[in-house]
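Undergrad: I would like the atomic coordinates for the input below:
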Amino acid sequence: MFLEDNNAIRKELFQTVEGLTDEQFNKIPSNGGWSVKQIFEHLVRMETVIATNIARELKNPDSPKSMKKPIALSTNRLIKVKAPGYTAPTKDYKVKQEMEKELHDTRLFLLDVYESSTKDVFLNKSFKHPIFGQVPLIQWFPFVGLHEKRHLKQLKKTIEML
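TA: Residues are numbered from 1 along each chain as shown. Below you'll find the model as predicted:
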């Protein structure tokens with residue numbers, strides 16, 4: 001079940017940043033990649049967009065049914081994907097605790113959306129992913145965890161460079 005997987009990945013994400021100061025959390029790595037804060041911010045934005053899109057499609061009587069997609073590929077960091085602009089992080093300084101709360105809140109939002117409908121409805125509606133095309137709503141819930149798993153790898157490399 002996706003909930004256990006998503007929760008395990010989120011727990012590892014939080015454990016990975018446990019010892020960081022707010023300065024380390026916000027520091028841009030020497031390779032020019034995202035800071036830990038920016039990775040967290042991207043995850044918050046992605047989960048919010050996904051939950052919002054699922055909620056929207058639940059109300060859309062014309063939401064198309066779609067075939068399942070190979071979403072597990074999203075953990076492969078060799079496949080480069082530019083983050084859509086609305087999910088790109090800012091350069092704003094934020095304390096680690098604030099970002100952890102934002103991640104927690106967005107997870108509660110996703111869970112509320114999940115509990116608002118049934119598996120049958122989630123199987124029969126979809127919305128578009130930039131790479132996979134139309135993805136059934138039921139797959140978007142585990143996709144959130146897979147997406148975090150992808151960025152967990154990035155997060156660990158970023159922390160190594162601090």
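Undergrad: Show me what the host helix or strand of L152 is packed against.
TA: Assigned by DSSP states H and E, L152 belongs to helix 137-160. Counting contacts by 3 or more C-beta pairs under 8 Å, 6 or more residues apart in numbering; DSSP states H and E, helix 137-160 packs against helix 2-16, helix 36-59, helix 96-115, helix 119-123, strand 126-129. For every residue, glycine as well, the C-beta is placed using N, CA and C.
Undergrad: in that helix, what's buried?
TA: If you call a residue buried by 16 or more other C-beta atoms under 10 Å, then helix 137-160 has these buried ones: 137-152, 154-155, 158-159.
Undergrad: Could you do stretch 31-51 as well?
TA: 34-48, 50-51.
Undergrad: what do you get for stretch 56-67?
TA: Residues 57, 63, 66 are the ones in stretch 56-67 that count as buried (16+ other C-beta under 10 Å).
Undergrad: So which of those residues is the closest to V95?
TA: Closest to V95 out of the buried residues of stretch 56-67 is E57 (34.4 Å), distances taken as C-beta to C-beta.
Undergrad: residues touching the closest one, list them.
TA: 63, 125-127, 137 (C-beta atoms under 8 Å, 6 or more residues apart in numbering).
Undergrad: what would those residues look like in CSV with pLDDT?
TA: Shown next, in CSV, are those (pLDDT from 0 to 100):
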residue, pLDDT
S63, 98
K125, 98
S126, 98
F127, 97
L137, 98
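Undergrad: neighbouring contacts of stretch 41-52?
TA: The contact list for stretch 41-52 (C-beta under 8 Å, 6+ apart) reads 13, 34, 83, 86-90, 94, 99, 102-103, 106-107, 109-110, 112-113, 140, 143-144, 147-148, 151.
Undergrad: okay, the residue lying closest to R77 once chain neighbours are set aside: pLDDT?
TA: Nearest non-adjacent residue to R77, counting by C-beta to C-beta, 6 or more residues apart in numbering: K153, 5.6 Å away. Model confidence at K153, given as pLDDT, is 92.
Undergrad: gap between K153 and I39?
TA: Computed as C-beta to C-beta, to the nearest Å, the K153 to I39 distance reads 10 Å.
Undergrad: Then D5?
TA: The value you get for D5 to I39, if C-beta to C-beta is used, is 19 Å.
Undergrad: now do I54
TA: Per C-beta to C-beta, I54 is found 23 Å from I39.
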